[in-house]
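> The sequence and its predicted three-dimensional model are supplied below.
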Amino acid sequence: MAAHCGVGQMRPTHFVSFRIPSSELHSRMVDLQKLVTIARPELAACCVPAYRAHLTCFVLTAVDSGTQAAASDALIKYAPAIFHEQFKGTVPAITFQGMSRFSDRVLYAEVIADEDRELLCRCVMALRERFVQEGLLQDDKKSENRPTWTPHLTLMKTSAAWQRRQRRPPLISLDDEVEQMIPEHLAQLGRHEIRHIELCAMSGQNADGYYKQLVSLPTSL
């Protein structure tokens, strides 16, 4: 998804997301990544760690403590009511089925269209609008360019390779061959509950290797 920054065009520093800590999902991600990297060893550095599995809602720039506090306050203020309005206290769940790519740079698992996905989309877009109103995100005045939320689970990305090495590696590509080598049964990553929405920092990590969380709220209030 496109990056929408809160101040100018500075690089995003934080993101709002749904963490998916399911051990079943993590195991299936690893199996899929192993299949690909056995056939294409040069892509091993592109694998996204399964313990970082999440769905990004939107990204923002919060370079100072004041903006980070404002973003935290906005999530705490608006998210509970938005989720309660759509889900009435129940826990949403989504089903990952099928693979797709962003160009030759990202391989991701698709989320099937069902009622919970539609309600989650409404929640994300409503929350994004609140962040725009609070001055934490920029709004695109051209209606045809207004963002929509397309949930996806990133499994591999070429940028991970050079991020790990601190320099760009030889040219690598997540091409058609990668997508086609994944059998149908491995492309079914199952149905998983979305129990928390969080504000996370792109830099740093917790003891468990996951992103540093500034705020974590249940979706079933």
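Yes, it's here.
> Pull the distance from stretch 199-213 to the chain's centre.
13 Å (C-alpha atoms, centre = their mean, to the nearest Å).
> Kindly export that stretch (C-alpha atoms) in CSV.
Below are the C-alpha coordinates for stretch 199-213, written out as CSV (Å, rounded to 0.1, in the frame of the first residue of the first chain):
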residue,chain,number,x,y,z
LEU,A,199,0.6,1.1,16.8
CYS,A,200,4.2,-0.1,16.1
ALA,A,201,7.5,1.4,15.4
MET,A,202,9.4,0.4,12.2
SER,A,203,12.7,0.5,14.0
GLY,A,204,13.6,-1.6,17.1
GLN,A,205,12.0,-4.8,18.3
ASN,A,206,10.6,-6.5,21.4
ALA,A,207,12.4,-9.4,23.2
ASP,A,208,10.3,-11.8,21.0
GLY,A,209,11.6,-10.3,17.8
TYR,A,210,8.3,-8.5,17.0
TYR,A,211,8.1,-4.8,16.3
LYS,A,212,8.1,-2.4,19.2
GLN,A,213,4.5,-1.7,20.1
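> quick thing: my sequence starts at 767, can you match it?
Fine by me, first position is 767 from now on; the one you just mentioned is stretch 965-979.
> and stretch 870-881, how far apart are its ends?
30 Å (C-alpha to C-alpha, to the nearest Å).
> quick one: buried residues of it?
V872, L873, Y874, A875, E876, V877 (16 or more other C-beta atoms under 10 Å). Backbone N, C-alpha and C define where each C-beta goes, glycine included.
> which among these gets closest to C813?
L873 (9.6 Å; C-beta to C-beta).
> did I read that right, the closest one in a helix?
No: counting by DSSP: H, G, I helix; E, B strand; the rest coil, L873 is located in no helix; its state is strand.
> with the buried residues of stretch 870-881 in mind, which one is nearest to L952?
Using C-beta to C-beta, the buried residues of stretch 870-881 come closest to L952 at A875, 10.2 Å.
> and the closest one, how far is that from S866?
Using C-beta to C-beta, to the nearest Å, we find A875 at a distance of 8 Å from S866.
> Also F853?
From F853 across to S866, the span is 27 Å (C-beta to C-beta).
> With neighbour numbers in mind, choose between these two.
F853 (18 against 12; other C-beta atoms under 10 Å).
> okay, and the common contacts of A875 and S866?
Both A875 and S866 are contacted by H918, under the criterion C-beta atoms under 8 Å, 6 or more residues apart in numbering.
> where does this structure have its least confident helix or strand?
When the helices and strands of the chain are compared on mean pLDDT, DSSP states H and E, helix 924-931 comes out lowest with a mean of 73.
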